[in-house]
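Quick check, what structure comes out for this input:
(one chain, ligands or ions: 2)
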Amino acid sequence: MSHPALQSVKGMNDILPDEAQLWLWFEDTVRGLLESYGYRNIRMPLVEPTGLFKRAIGEVTDIVEKEMYSFEDSLNGDHLTLRPEGTASCVRAVIQHNLLYNSAQRLYYSGPMFRHERPQKGRYRQFHQVGVEALGYADPEIDAEQILMCARLWKKLGIREVSLQLNTLGDAAARKTHREKLIAYLEQYADLLDEDATRRLHANPLRILDSKNPAMQELINGAPKLMDEMNEDALLHFEAVQSILKQHGVAYEINPRLVRGLDYYNRTVFEWVTTRLGAQGTICAGGRYDGLVEQIGGKPAAACGFAMGIERLLALMVEDGAVQPESPLDAYLVHQGEIADGMAGMVAEQLRDAGLRIALHCGGGSFKSQMKKADGSGAKVAVIIGDDEAQSGQATLKPLRDGGEQSRVAQAELAQNIYKLIRKE
Ligand code: ATP
Ligand code: MG
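Residues are numbered from 1 along each chain as shown. Ligands and ions are numbered 1, 2, ... in the order given. This is a model prediction of the structure:
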């Protein structure tokens with residue numbers, strides 16, 4: 001009896017070995033870069049109590065209203081959610097383990113996030129982010145540091161033509177006054193509001209300014225500006241961030257309509273955008289969230305962070321012909337004949353002892369078919385042991401990439417000769 005083939009869940013992708021090479025290279029590069037700024041890795045569970053995200057992200061947000069994978073644990077009735085983003089979990093972990101007790105923390109994490117969205121290019125239901133959070137830092141230097149880190153990363157990854165959009169959301173008092181003025185303004189034009197805007201009018205009016213509905217643009221353009229309510233401290237903070245960016249030659253554009261989709265942001269917010277991924281043009285987004293630690297139950301602590309979408313970044317890297325990662329193999333070991341077969345595994349282990357990456361041919365077959373496998377493996381060199389070689393304690397080396405000469409060497413000098421060959425390229 002045959003069964004229908006099982007498929008992955010819609011919007012959740014396998015990352016196959018060819019593509020995974022690029023992921024590994026990306027992850028190594030990011031890790032090296034973040035560590036060069038003193039950020040340390042933290043790993044949180046993929047599942048959290050649903051209440052955490054409701055409280056951190058805000059009830060009237062796209063994520064909490066319609067994108068979360070929430071379920072009841074049928075074994076004990078707990079309400080759980082697959083994490084849609086990392087900041088809430090990270091802050092929860094920092095509070096739970098008292099990490100801010102006597103020092104501020106520069107942290108980063110990386111992994112899958114889950115949002116029930118309509119799958120399309122650059123938008124998936126399981127996607128991956130690198131998240132960066134600095135907790136316990138109030139000064140504008142940290143906002144700027146994180147933006148500089150991004151700029152340096154794009155360079156390292158070979159990504160071109162991304163631009164930086166910057167805004168400030170001010171502090172709680174300014175937002176409150178602005179919110180009241182905004183509601184009063186929008187209420188006057190209630191009949192012009194679309195469905196989303198009507199629903200958000202009293203719960204999250206700032207989000208209405210973020211609407212992409214062309215019919216509402218005129219209304220949005222005439223709305224009261226948050227900038228007009230800003231207090232002096234918030235303005236000075238914003239100016240300081242900008243002057244550091246200028247000092248380092250990082251170009252930016254101020255976008256007063258950049259508000260971010262999550263409730264927890266205040267002061268600096270930023271997005272790195274490209275026009276080359278269609279509607280999914282934001283590759284990295286973040287900002288300051290000074291109120292969140294307290295909101296989740298910790299002692300008040302200022303904080304700033306951002307997250308980048310790995311799928312979108314990799315799509316850009318591929319487009320820009322960014323550095324191609326190397327093959328993970330140095331040599332492929334071909335062997336044939338009774339003595340050779342018996343000795344090949346030992347030779348492979350010796351080469352690994354010498355630090356080389358070796359695939360040992362497995363499954364027999366003709367010399368010709370084994371050489372085909374060697375070619376397809378991505379290895380730079382084939383090591384060939386037939387009974388001839390085996391009897392004389394030697395091996396044949398055949399370069400696979402640039403058509404160099406074949407040579408025969410003593411097994412004791414094999415590693416050193418492979419190193420010579422692969423360095424030449
Ligand atoms: P968008 O406006 O594209 O929905 P967002 O504001 O919801 O993005 P954030 O919550 O700020 O996104 O997440 C940070 C980054 O994660 C985004 O800039 C994007 O690169 C990536 N991202 C967000 N949602 C998805 C998704 N469903 N699939 C792939 N990447 C995503
Ligand atoms: Mg979204």
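
quick one: is the helix or strand where residue 312 lies near ligand 1?
Assigned by DSSP states H and E, residue 312 belongs to helix 310-319. Yes: using CB under 6 Å from any ligand atom, we find that helix 310-319 touches ligand 1 at 311-312. Heads up, the C-betas are built off the backbone N, CA and C, glycines and all.

what does that helix rub up against?
22-23, 26, 110, 121-122, 124, 127-130, 157-159, 162, 274, 276-277, 280, 282-284 (CB atoms under 8 Å, 6 or more residues apart in numbering).

where does the residue of the stretch 1-150 of the chain found nearest ligand 1 land in three-state SS?
Distance from ligand 1 to each residue of the stretch 1-150 of the chain (CB to the nearest ligand atom) is smallest for residue 127, at 3.4 Å. Classification of residue 127 by DSSP: H, G, I helix; E, B strand; the rest coil places it in strand.

how many other residues sit next to it?
21 (other CB atoms under 10 Å).

Tell me the bridge partners for it.
residue 113 (DSSP bridges).

wait, it sits on residue 283?
No: the pair residue 127 / residue 283 is not scored as a contact, 11.9 Å apart, by CB atoms under 8 Å.

Show me which residues of the helix holding residue 312 are buried.
Across helix 310-319, burial judged by 16 or more other CB atoms under 10 Å covers 310-317.

CA atoms only for it - export them in PDB, please.
Taking C-alpha atoms only, helix 310-319 is exported to PDB below (Å, rounded to 0.1, in the frame of the first residue of the first chain):
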ATOM      1  CA  ILE A 310      18.000  36.300   7.500                       C
ATOM      2  CA  GLU A 311      16.000  35.100   4.400                       C
ATOM      3  CA  ARG A 312      15.800  38.700   3.000                       C
ATOM      4  CA  LEU A 313      19.500  39.300   3.700                       C
ATOM      5  CA  LEU A 314      20.500  36.100   1.900                       C
ATOM      6  CA  ALA A 315      18.300  37.000  -1.100                       C
ATOM      7  CA  LEU A 316      20.200  40.300  -1.400                       C
ATOM      8  CA  MET A 317      23.600  38.600  -1.000                       C
ATOM      9  CA  VAL A 318      22.700  36.200  -3.800                       C
ATOM     10  CA  GLU A 319      21.600  39.100  -6.000                       C
END
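
what does the stretch 301-425 of the chain have sitting close to ligand 1?
Checking the stretch 301-425 of the chain against ligand 1 by CB under 6 Å from any ligand atom, the hits are 307, 309, 311-312.

Now the common contact residues for residue 127 and residue 283.
Joint contacts of residue 127 and residue 283 (CB under 8 Å, 6+ apart) are residue 309.

Domain parsing of this structure, as residue ranges.
Domain segmentation of the chain under automatic domain parsing yields 17-171+230-320, 331-418.

What's the end-to-end length of the last one?
This means domain 331-418. For domain 331-418, the first-to-last residue distance is 8 Å (CA to CA, to the nearest Å).

which residue packs closest to residue 175, ignoring adjacent ones?
residue 169 (6.5 Å; CB to CB, 6 or more residues apart in numbering).

measure that neighbour to residue 231 for me?
Distance of residue 169 to residue 231, given as CB to CB, to the nearest Å: 12 Å.

for residue 106, same thing?
On the measure of CB to CB, residue 106 and residue 231 end up 28 Å apart.

For ligand 1, what's the nearest residue on the protein?
residue 309 (2.3 Å).

show me the contacts for that residue.
With CB under 8 Å, 6+ apart, residue 309 has these contacts: 122, 127-129, 282-284.

Closest one of those residues to residue 62?
residue 282 (13.4 Å; CB to CB).

residue contacts, the closest one?
Contacts of residue 282 by CB under 8 Å, 6+ apart are 271-273, 309, 312.

what about the chain, any weak spots by pLDDT?
Applying pLDDT under 70 to the chain flags residues 1, 323-324, 424-425.

If we use 80, what do you get?
1-2, 210, 261-263, 322-327, 402-403, 424-425 (pLDDT under 80).

Please narrow the contacts of helix 310-319 to those residing in strands.
Secondary structure from DSSP state E places 110, 127-130, 282-284 of these in strands.

Any chance of CSV for those, columns distance to residue 200?
Listed next are these as CSV, based on distance: CB to CB, whole Å:
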residue, distance to residue 200
110, 32
127, 25
128, 29
129, 25
130, 30
282, 20
283, 26
284, 25
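
quick revisit: the more surrounded of residue 106 and residue 231?
residue 106 (21 against 14).

Residue 16 versus the more buried one, what's the distance?
Distance from residue 106 to residue 16, by CB to CB: 34 Å.

And the contacts of stretch 363-379?
327-332, 334-336, 359, 361, 382, 384, 386, 398, 400.

Only the buried subset of these, as a PyMOL command please.
Remark: buried members of those, expressed as a PyMOL selection using 16+ other CB under 10 Å:
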select buried, resi 329+330+331+332+334+335+336+359+361+382+384+386+398+400
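
re earlier: make TSV out of the buried residues of helix 310-319 and add distance to residue 373.
Supplementary listing: those in TSV, determined by distance: CB to CB, whole Å:
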residue	distance to residue 373
310	32
311	31
312	35
313	33
314	28
315	31
316	34
317	29
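
Which one of those residues is nearest to residue 207?
residue 312 (22.1 Å).

Next, count neighbours for residue 134.
24.

would residue 84 count as being in a strand?
No: counting by three-state DSSP, residue 84 is not found in a strand; it is coil.

wait, what's in contact with it?
53, 57, 63, 67-69, 113-115.

Apply the buried test to those residues and list what passes.
Counted by 16+ other CB under 10 Å, the contacts of residue 84 give 53, 57, 63, 67-69, 113-115 as buried.

just those that are near ligand 1?
Among the buried ones among the contacts of residue 84, ligand 1 is touched by residue 115 when using CB under 6 Å from any ligand atom.

Redo the buried ones among the contacts of residue 84 as CSV? Include secondary structure and distance to residue 183.
CSV is the format used below for the buried ones among the contacts of residue 84 (DSSP: H, G, I helix; E, B strand; the rest coil; distance: CB to CB, whole Å):
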residue, secondary structure, distance to residue 183
53, helix, 25
57, helix, 21
63, helix, 23
67, helix, 25
68, coil, 27
69, strand, 32
113, strand, 32
114, strand, 33
115, coil, 28
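
can you redo the buried ones among the contacts of residue 84 as a markdown table with distance to residue 211?
Below are the buried ones among the contacts of residue 84 laid out as a markdown table (distance: CB to CB, whole Å):
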| residue | distance to residue 211 |
| --- | --- |
| 53 | 23 |
| 57 | 19 |
| 63 | 17 |
| 67 | 17 |
| 68 | 21 |
| 69 | 26 |
| 113 | 24 |
| 114 | 25 |
| 115 | 19 |
